[in-house]
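Colleague: Provided below for reference: sequence and predicted model.
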Amino acid sequence: MSYIQALAPEIVVAAFGVLCLVAGMLRTARSAQWAKSIALVGLLVGMVVALGQTHVARAGELSVDTFSTYVRAMLCGVAAIVVLSSWALPAPGRIPEMFSLLLFSVVGAMLVSVADDLVLLFFALELASVPTYAMVAAGSDNQASQEAGLKYFFLGALSAAVMVYGFSFLYGAAGTTTMLGGLDGTSVAGAVRARLADNPFAWLGIVLALLGLAYKVAAVPMHFYVADVYQGAAAPISAMLSYVPKFAGLVAMIKILALVGWPLPGSLYWLIWIMAASTMTIGNALALLQDNVKRMLGYSSIAHSGYMLMGLLVGPALTGGANPLQDGIAAILFYIVSYGIMNIGAFTAIAYLTDESGREPQLLQSFSGLGRQRPGVALALTFCVFSLLGIPPTAGFFGKVYLFGSTLSLAPTSHYVTWTYVLVVLALLNTAVSAGYYLRIIGAAYIRPSEGLTWRKGSVPVGAALVLCAALVVIIGLRPGRLAGPAAEASRAGVVLDKQLVPSMPATSTATLQPAPAGAR
């Protein structure tokens with residue numbers, strides 16, 4: 001496969017990002033508005049191109065398979081909803097730049113899914129993150145956005161330094177930056193698996209890389225920026241932050257742990273166990289203390305990262321099946337998409353309900369009487385919040401079933417049976433605790449009397465994004481197999497492919513290979 005073929009989806013999305021900038025150069029109000037439509041079309045076209053890459057092949061340091069196809073398509077599809085929810089933002093003079101930055105961030109996240117080289121993985125992660133620093137600061141004119149953007153930038157720089165420091169140890173241990181190209185000593189995976197027990201530098205490289213990536217997914221101990229950034233950024237930008245960088249970070253974590261292989265050795269098992277348990281507990285505990293809905297959703301985002309980290313303990317299906325109840329990677333892929341949709345829906349409701357001065361409602365009392373004044377918005381918000389809580393039949397319910405079920409499937413094959421059950425019980429308790437703040441949002445909308453607040457007429461595209469999110473969480477909940485099936489196929493096809501399963505191809509090759517059987521692992 002040639003580089004052009006391998007990078008076709010990224011090239012398409014990046015080209016439309018450049019077109020957004022070209023529209024801004026025309027310096028007319030109408031051309032600036034074109035940038036929104038250009039961004040929307042670019043993401044939809046990118047999704048179609050990604051879905052067309054259904055074969056397994058390599059092009060240098062790029063690995064194209066069903067895993068990358070799923071990640072790229074879901075990134076483009078859900079990001080298109082973010083474009084709709086951002087239709088009323090920002091100030092006219094910054095529209096082209098904002099939407100081009102959104103597309104470039106999506107391109108970076110897409111590159112993470114095909115990267116099979118530590119250097120490429122680092123640059124892909126930074127391309128996914130750096131545009132978001134500017135988006136946070138430029139998405140609104142208030143001082144809180146400027147402060148949030150500055151905090152986000154400096155902490156992001158710190159996490160990048162920690163991550164690349166870990167990559168340097170992996171390079172030193174392996175003598176190469178190729179990640180999974182072969183397991184015979186010519187890749188990082190081969191060297192790590194051969195020397196992890198007696199080479200502390202390989203183990204330190206994995207730990208530092210995971211610590212840096214914890215920032216991307218808002219996991220403990222790199223979670224402390226989330227509430228301030230989510231509160232300061234405009235609601236649609238906060239929605240984007242909860243999906244694109246988090247998706248990229250989770251995919252990168254999967255690739256880093258694939259260097260070691262599953263089942264995880266004891267030290268890494270405990271590292272992920274502690275991160276998952278502390279992340280979900282701290283996130284839910286801090287969310288209970290909030291009266292600001294955006295901060296509440298920010299801490300909720302931390303808690304959901306803790307749930308998703310549970311799937312990393314399991315890895316791809318140890319039994320060789322194609323069931324998300326036995327496949328932690330498939331459960332993560334299902335849950336991150338479902339979570340992205342329902343969380344974007346909640347933030348979109350905030351973006352839709354601006355007052356006459358253009359300010360977003362943030363405090364719980366701002367939603368008082370919403371069910372009587374704006375019943376449609378309240379209903380859509382209810383669906384999204386119930387899905388975040390995990391009420392059936394919503395996408396969030398089945399996402400938790402898959403994550404918790406796959407973790408339970410690990411217990412019989414693990415040396416840490418008791419602690420695996422403890423983690424699932426802790427996740428169930430945290431889910432119950434989360435009802436304490438999610439139901440406060442619904443209670444404010446339907447039970448509290450109205451405080452006389454008035455909202456201006458919302459943007460039609462923003463309303464369409466809200467309706468689409470609410471509809472999708474119900475549709476996925478009623479037919480979870482439509483998303484769970486592709487997620488399981490993606491997990492089986494590409495996460496731990498090695499040289500024996502997919503031979504390295506020359507850059508000009510156009511050979512097509514079938515996905516390797518799951519049992520081959």
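Modeller: Alright, I've got the coordinates.
Colleague: For the rest of this, base every contact and every neighbour count on C-alpha atoms.
Modeller: Noted.
Colleague: Give me the helices and strands touching the strand or helix carrying residue 404, please.
Modeller: In this assignment (DSSP states H and E), residue 404 forms part of helix 395-410. Packed against helix 395-410 by the contact rule (3 or more CA pairs under 8 Å, 6 or more residues apart in numbering; DSSP states H and E) you find helix 293-314, helix 328-352, helix 375-389, helix 417-446, helix 460-478.
Colleague: want to throw the ones you listed into a markdown table with mean neighbour count, mean pLDDT and distance to residue 75?
Modeller: Shown next, in a markdown table, are these (neighbours: other CA atoms under 10 Å; pLDDT from 0 to 100; distance: least, CA to CA, whole Å):
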| stretch | mean neighbour count | mean pLDDT | distance to residue 75 |
| --- | --- | --- | --- |
| helix 293-314 | 28 | 92 | 17 |
| helix 328-352 | 28 | 92 | 8 |
| helix 375-389 | 23 | 92 | 19 |
| helix 417-446 | 18 | 92 | 26 |
| helix 460-478 | 21 | 93 | 15 |
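Colleague: Distance to residue 284 added to these, as TSV?
Modeller: Below are those laid out as TSV (distance: least, CA to CA, whole Å):
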stretch	distance to residue 284
helix 293-314	6
helix 328-352	15
helix 375-389	11
helix 417-446	6
helix 460-478	22
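Colleague: which one of these lies closest to residue 4?
Modeller: Set against residue 4 and scored by CA to CA, the helices and strands packed on helix 395-410 come closest in helix 328-352, at 26.3 Å.
Colleague: Which helix or strand lies directly C-terminal to that closest one?
Modeller: Downstream of helix 328-352 (by DSSP H and E), the next one is helix 370-373.
Colleague: quick check: mean pLDDT across stretch 11-18?
Modeller: When pLDDT is averaged over stretch 11-18, the result is 94.
Colleague: pLDDT weak spots in the protein?
Modeller: Along the chain, the parts satisfying pLDDT under 70 run over 1, 27-29, 90-93, 139-141, 182-185, 197, 317-323, 355-358, 451-454, 494-521.
Colleague: Tell me which helix or strand comes right after the top helix by length along it.
Modeller: The longest helix of the chain (DSSP state H) is helix 143-174. In the C-terminal direction, the helix or strand that comes right after helix 143-174 (DSSP H and E) is helix 188-195.
Colleague: Mind giving me the packing neighbours of the helix or strand just after that next one?
Modeller: Using DSSP H and E, the helix or strand that follows helix 188-195 in sequence is helix 200-217. Here helix 200-217 touches helix 143-174, helix 244-260, going by 3+ CA pairs under 8 Å, 6+ apart.
Colleague: Pull the distance from helix 200-217 to the chain's centre.
Modeller: With CA atoms, centre = their mean, to the nearest Å as the basis, helix 200-217 stands 18 Å off its chain's centre.
Colleague: Give me the residues contacting whichever helix or strand comes after it.
Modeller: Remark: after helix 200-217, the chain's next helix or strand is helix 226-232, criterion DSSP H and E. With contacts defined as CA atoms under 8 Å, 6 or more residues apart in numbering, helix 226-232 is touched by 136, 144-149, 151-152, 218, 238, 294-296, 298-299, 302.
Colleague: now do 10 Å
Modeller: For helix 226-232, the external contacting residues (CA atoms under 10 Å, 6 or more residues apart in numbering) are 133, 136-137, 139-140, 142-152, 215, 218-219, 236-239, 241-242, 286-287, 292-302, 347, 362.
Colleague: Just give me how far that helix sits from the chain centre.
Modeller: Relative to its chain's centre, helix 226-232 lies at 17 Å (CA atoms, centre = their mean).
Colleague: Next, the angle helix 328-352 makes with the helix holding residue 404.
Modeller: Relative orientation of helix 395-410 and helix 328-352, computed by axes from the mean of the first three to the mean of the last three CA atoms, to 10 degrees: 160 degrees.
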